[in-house]
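what follows is a predicted structure for the sequence shown.
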Amino acid sequence: MSTAPPLCLTVAGSDSGGGAGIQADLKTMLALGVHGMSVVTAVTAQNSLGVRGAWELPAEAVTAQYRAVVDDIGVRAVKTGMLSSAVIVETVAALLADTPAPAVVDPVGVSKHGDALLAASALDAVRKELLPRATVATPNLDEVAQLTGVQVESEDDMRRAAGAILGYGPRWALIKGGHLAAHRDEAVDLLTDGTEERWLRAPRHDNRHTHGTGCTLASAIAAGLARGLAVPQAVTAAKEYVTGAIAAGFPLGGGIGPVDHAW
Ligand code: PLP
């Protein structure tokens, strides 16, 4: 009998195609040596071409899953992803408030195919209820624009965006500049707590099979925190992991394939 690995919980949506959401999170956690557990918030019928449909679970089902895990097994770090609606955002924020473990909040808004994974009416709850509970918030540039109104076109704009996100109360903001047109050869992210500033640079891989990138990065950060790493070390290690996973992304179906967790 061996001892249990560090315990890590994802609160997110299911991707039937296995590329993003809960499925990406659990694969990442397995690859990084932590025990992955899941609270499903919504079920999507999804493949490499897009989301065909999404069904949100009742708030009481979300709470029951979360409590079942935390009351018995315990948790060392939590990651949140697709939360679908204001009711689920508020429910999850209340659960996080009750959990003395670091939380990585990926404020998932829209998929790469343009499918909405969060109702517009939930944005206020994300700003006021969820972000204040985050140890690290990991918005991409579209999510930054939705949440703060800051349109990012330069590294200076990324600084302004980080300041605006930190204004909602997370301890750290990781602004993912992967979509920034100014950086053709690099994927540049900014991690800051308002005092310390770290720029994370990785070569941009010419690979269109990137489905699940954001889920994978946030889960890898949570895995690092569950193992006891400090936020800057957890984020640096997670960026290396996701960069390798993107480089190894593979075709699947007729559209955008997933990153590879076993690279
Ligand atoms: N589906 C689910 C359930 C997700 O949680 C996410 C991202 O968080 C996506 C799809 C979108 O993934 P991507 O934008 O990487 O294609």
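Structure received.

and the residue nearest to residue 233 when sequence neighbours are not counted, what element?
Excluding the flanking residues, the one nearest residue 233 by CB to CB, 6 or more residues apart in numbering is residue 224, at 6.7 Å. In short, each C-beta sits where N, CA and C put it, glycine included. Assigned by DSSP states H and E, residue 224 belongs to helix 213-226.

only the C-alpha atoms, please, for that helix, written as CSV.
The C-alpha trace of helix 213-226 is given here as CSV (Å, rounded to 0.1, in the frame of the first residue of the first chain):
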residue,chain,number,x,y,z
THR,A,213,-5.1,24.7,-23.4
GLY,A,214,-6.6,27.0,-20.7
CYS,A,215,-8.1,24.2,-18.7
THR,A,216,-4.7,22.4,-18.8
LEU,A,217,-2.7,25.4,-17.6
ALA,A,218,-5.1,26.2,-14.7
SER,A,219,-5.1,22.5,-13.6
ALA,A,220,-1.4,22.3,-13.8
ILE,A,221,-1.1,25.4,-11.5
ALA,A,222,-3.6,23.8,-9.1
ALA,A,223,-1.5,20.6,-9.1
GLY,A,224,1.6,22.6,-8.3
LEU,A,225,-0.2,24.3,-5.4
ALA,A,226,-1.5,21.0,-4.1
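
what mean pLDDT does that helix have?
When pLDDT is averaged over helix 213-226, the result is 98.

residues of the protein that sit close to the ligand?
Applying CB under 6 Å from any ligand atom, one finds that the chain approaches the ligand through 12-13, 15, 20-21, 44, 46, 81-82, 108, 111-112, 117, 211-215.

wait, residue 224 sits on residue 237?
Yes. Applying CB atoms under 8 Å, one finds residue 224 in contact with residue 237, separated by 5.2 Å.

compare the two (neighbour count), which wins?
residue 224 (26 against 17; other CB atoms under 10 Å).

how close does that one sit to residue 217?
Separation of residue 224 from residue 217 (CB to CB, to the nearest Å): 11 Å.

which residues are in contact with both of those two?
By CB atoms under 8 Å, 6 or more residues apart in numbering, residue 224 and residue 217 have these common neighbours: residue 238.
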